[in-house]
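K.L.:
Give me a 3D structure for the following:
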Amino acid sequence: MSCKETGPIVTAWKPRNPSDEREAIVAAGLAGGVAYLATMAVDLRLTGRRVDDLLFLGRPIAKDRNRARMAGVGVHLVNSIVLAAVYARFGRSCLQGPGWWRGIIFANAENAALYPLTVFEDHHPAVRAGEIDRYWTWPAFLLSIPRHIAYGAAAGAVYERLRR
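P.N.:
Purely as a prediction, here's the structure:
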């Protein structure tokens, strides 16, 4: 698939068929998802802020904290693979540069586009119960950036390596 260049980073896109590249998408999504979780573990420990995405994702599924975190891992990894599929279909060919860079740009664009949904956090059971901090704050948003950098760099690099 080709992309018509329209600028230094973003180019016009034509959809690609992700069914031919499932293994690359799954591997990239899992690599990115694990990198994201590793970055989150570090920032939770360093900052003391309770913006645990595993609880955020898993608490609506399970009330018990440990079960909620386990459910959150599953949801997170599925989300990671889905995001890798969207990157493979649209983002990769529409961005220029090495795979890790395209992944970073794409993941942070996704973060910026979807982060405003956290304004509805008052309906989240873990936020209401005080188990996690509010996400609709500048400090929480700033913590999401290195997580998405880690996801994008890992997913983009793995996908590019497997697609050669």
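
K.L.:
any idea how far Val37 lies from Arg67?
P.N.:
I think there's a mix-up here, since residue 37 is Leu and not Val. According to C-beta to C-beta, to the nearest Å, Leu37 and Arg67 sit 17 Å apart. (Glycine included, C-beta is placed from N, CA and C.)

K.L.:
These two: who's more crowded?
P.N.:
The neighbour count for Leu37 versus Arg67, taken as other C-beta atoms under 10 Å, is higher for Leu37 (20 against 13).

K.L.:
so which strand or helix has that one?
P.N.:
Leu37 belongs to helix 22-47 when elements are defined using DSSP states H and E.

K.L.:
on contacts alone, who are the packing partners of that helix?
P.N.:
helix 53-58, helix 65-86, helix 138-163 (3 or more C-beta pairs under 8 Å, 6 or more residues apart in numbering; DSSP states H and E).

K.L.:
What values do phi and psi take at Leu95?
P.N.:
Torsion angles at Leu95 (phi, psi; degrees, to the nearest 10) stand at phi -120, psi 150.

K.L.:
Using JSON lines, please lay out the helices and strands packed on helix 22-47 together with distance to Leu46.
P.N.:
Below are the helices and strands packed on helix 22-47 laid out as JSON lines (distance: least, C-beta to C-beta, whole Å):
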{"stretch": "helix 53-58", "distance to Leu46": "16"}
{"stretch": "helix 65-86", "distance to Leu46": "19"}
{"stretch": "helix 138-163", "distance to Leu46": "10"}
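
K.L.:
deepest of those, which one?
P.N.:
Highest mean neighbour count of the helices and strands packed on helix 22-47: helix 53-58, a mean of 22 (counted as mean count of other C-beta atoms under 10 Å).
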